[in-house]
Every structure is written in C-alpha cells, then in structure tokens.
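*Asks:* Okay, sequence plus prediction incoming.
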Amino acid sequence: QSCTCRAMLFHSKRLLGFFDSQYNRPGPLRKLHKQKGLLWIWSVFTLPTFLVLVGNHPDVQEWFIKQYKPVEYPPQSDPSIIYNIFHGRTPKKSA
C-alpha cells in the first residue's frame, strides 16, 4: 500500500509544481549560456563548410598564389647556428 502512495505523490500536481517555480525558469544568464552554446555549435559546423566553398573558388586560389611568398633563406645561413645559440652553445660556424 505504501508503494501506491508513493506513486500518487510522484504524479501529483503538488509535487510537479516545483517545475513551474522560479527555480526552474531560465534566467538571463542561463539564456545567454544557451545562446552562446548554440552559436558555438552553429559555427563549428558552418564555418568549415563556408571556408571550403569560398576557398576552393579558382579566383581565390589564384589571388592566394599571387600573394604567397615562400620564406627564402640565403645560402650562407645555417639553421644549426641559431639552434646552438638558442641552447647556449657556441656555434661551430658563423654566417
């Protein structure tokens, strides 16, 4: 019989009244967090698609190739000189 009482209390309007109280209504901060989360999810799925659609356009690729300049090192430079100086060793060669 106690099981029947618990079931009745579980489904009673008095018990479910908590869910319509101020404790469960989303406040401005909770709404803001939800909006920020939705914006994050939208951007994670939309921005890569947008970048692929725009970045694969032939005019954009041609513009990038014209703007792109690879790093050129003079023939005298040796990366081991900078590495040795960075690690506090004396370089074996100098530029």
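*Replies:* Perfect, thanks for sending it. Treat the numbers as computed from the prediction; the structure is a model and nothing was measured.

*Asks:* only C-alpha atoms for contact and neighbour calcs from this point on.
*Replies:* Will do.

*Asks:* Flag the shaky bits of this protein, pLDDT-wise.
*Replies:* Counting by pLDDT under 70, the chain contains low-confidence ranges at 1-24, 75-76, 93-95.

*Asks:* can you give me the helices for it?
*Replies:* For the chain, the helices defined by DSSP state H occupy 2-10, 13-16, 28-55, 58-67, 79-86.

*Asks:* Need the nearest residue in space to Gln61, chain neighbours excluded.
*Replies:* Spatial nearest neighbour of Gln61, excluding adjacent residues (CA to CA, 6 or more residues apart in numbering): Gly55 at 6.8 Å.

*Asks:* Next, count neighbours for that neighbour.
*Replies:* 14 (other CA atoms under 10 Å).

*Asks:* From Phe64, how far out is Leu53?
*Replies:* 15 Å (CA to CA, to the nearest Å).

*Asks:* Kindly report the same for Ser77.
*Replies:* 28 Å.

*Asks:* One more: Lys31?
*Replies:* Taken as CA to CA, the span from Lys31 to Phe64 is 41 Å.

*Asks:* try Val44
*Replies:* Counting by CA to CA, the gap from Val44 to Phe64 is 24 Å.

*Asks:* What of Ser43?
*Replies:* 24 Å.

*Asks:* Leaving out chain neighbours, which residue sits closest to Thr90?
*Replies:* Asn84 (6.3 Å).

*Asks:* pretty sure that neighbour contacts Asp78?
*Replies:* No - if you go by CA atoms under 8 Å, Asn84 and Asp78 don't touch, sitting 10.6 Å apart.

*Asks:* Including distance to Lys92, could the helices of the chain go into TSV?
*Replies:* Listed next are those as TSV, based on distance: least, CA to CA, whole Å:
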stretch	distance to Lys92
helix 2-10	82
helix 13-16	80
helix 28-55	45
helix 58-67	37
helix 79-86	7
